[in-house]
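1. need the 3D shape of this:
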Amino acid sequence: MELSIDVLVILFFVALAAGFIDAIAGGGGMLTVPALLSVGIPPAQALATNKLQSSFGSFSASWYFVRNGLVNLKQMRLAIGCTFAGSAIGAVLVQYIDASVLTSLIPILLVCISLYFLLSPNIGTGGGTPKLSEAAFAFSVGTSIGFYDGFFGPGTGSFFTICFVVIAQLGLVEATARTKVLNFTSNIAALILFILAGLPVWKVGLIMAVGGFMGARLGAHVVISKGQRFIRPMVVIMSMGMAIKLLWQQHPQWFQLVF
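-> As a prediction, this is how the structure comes out:
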């Protein structure tokens, strides 16, 4: 499909903002997917194109964290493999299974995550004893959240981060860094299947990918330079924002009564 230069420029800057937000707290798809739909791209192609551009953003942030020593890829190789497998399975099964149960459950979980970060002043300081071994964490958390990302998606970054903080007992900066690596892994697994199905709009996706790459690089720098005091409120804001957005889509009448 052909889009005007003006529209492509706008999508570039939307992806730039989304990449920045996503590198810090996740939830960049809240900006990019509606933007893609608003310019007339059909839903299936919009989701595939979003995976294309977000893969570049998550790669940019992941690579920055690896270069700065926050992530040891060798140590994470099992979690990466499990996440990839889970995401691929989810992306296949979503074509045959109704995801309506998740649409009702996920907003509740996102609200719980935001409240947990908001009301726990010492969360994310790290240094505690992990509640699972690296292998058990990889098979349980990596596979299940990877599956969720391939199957449904919203809030994946928040779910990975809370698991790294609560279960692996990591500091919030290191948890965010590892989250981006697994986010990139699940993005790539789903993207491969979308490409095989011929769904991405390549011109749009690659232009947005440049914006997402740049935004994620800036966001990753902020994670390292600002640390927990910046990440924590962003996780709360984005988790709550995603919950409200999902509830709006499911129950618009609730918001009509309020407003």
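2. quick check: M240 vs G155, distance?
-> Going from M240 to G155 by C-beta to C-beta, to the nearest Å gives 11 Å. Glycine gets a C-beta too; all of them are placed from N, C-alpha and C.
3. to clarify, my last question referred to N68.
-> Noted for N68: a distance of 26 Å to G155, by C-beta to C-beta.
4. between those two, who's got more neighbours?
-> Counted by other C-beta atoms under 10 Å, N68 and G155 do not tie: G155 has more neighbours, with 25 against 13.
5. now G153, what are its backbone angles?
-> Main-chain dihedrals, G153, degrees, to the nearest 10: phi 120, psi -50.
6. oh sorry, the question was meant for I167
-> According to degrees, to the nearest 10, I167 has phi -90, psi -50.
7. contacts only, for the nearest residue to it once chain neighbours are set aside.
-> In space, and not counting its chain neighbours, I167 is closest to K131: 5.0 Å by C-beta to C-beta, 6 or more residues apart in numbering. With contact set as C-beta atoms under 8 Å, 6 or more residues apart in numbering, K131 has these partners: V166, I167, A168, Q169.
8. now those residues: which count as buried?
-> Burial by neighbour count, judged by 16 or more other C-beta atoms under 10 Å, picks out V166, A168, Q169 from the contacts of K131.
9. quick one: the first one from V223, how far?
-> This points to V166. Applying C-beta to C-beta, the value for V166 to V223 is 19 Å.
10. how close does K245 sit to G29?
-> 10 Å.
11. need the overlap of contacts for these two.
-> Both K245 and G29 are contacted by P154, under the criterion C-beta under 8 Å, 6+ apart.
12. for the stretch 51-200 of the chain, which spans come out with low pLDDT?
-> 95, 98-103, 121-124 (pLDDT under 70).
13. all helices of it, in order?
-> Here the stretch 51-200 of the chain has its helices, by DSSP state H, counting those that start in this stretch, at 77-93, 100-119, 134-137, 143-151, 156-166, 172-196.
14. nearest to A23, of the ones you listed?
-> helix 172-196 (6.4 Å; C-beta to C-beta).
15. elements contacting whichever helix or strand comes after that closest one?
-> Under the assignment DSSP states H and E, the closest C-terminal helix or strand after helix 172-196 is helix 202-226. Secondary structure elements in contact with helix 202-226, counted by 3 or more C-beta pairs under 8 Å, 6 or more residues apart in numbering; DSSP states H and E, are helix 5-25, helix 29-38, helix 43-67, helix 172-196, helix 228-250.
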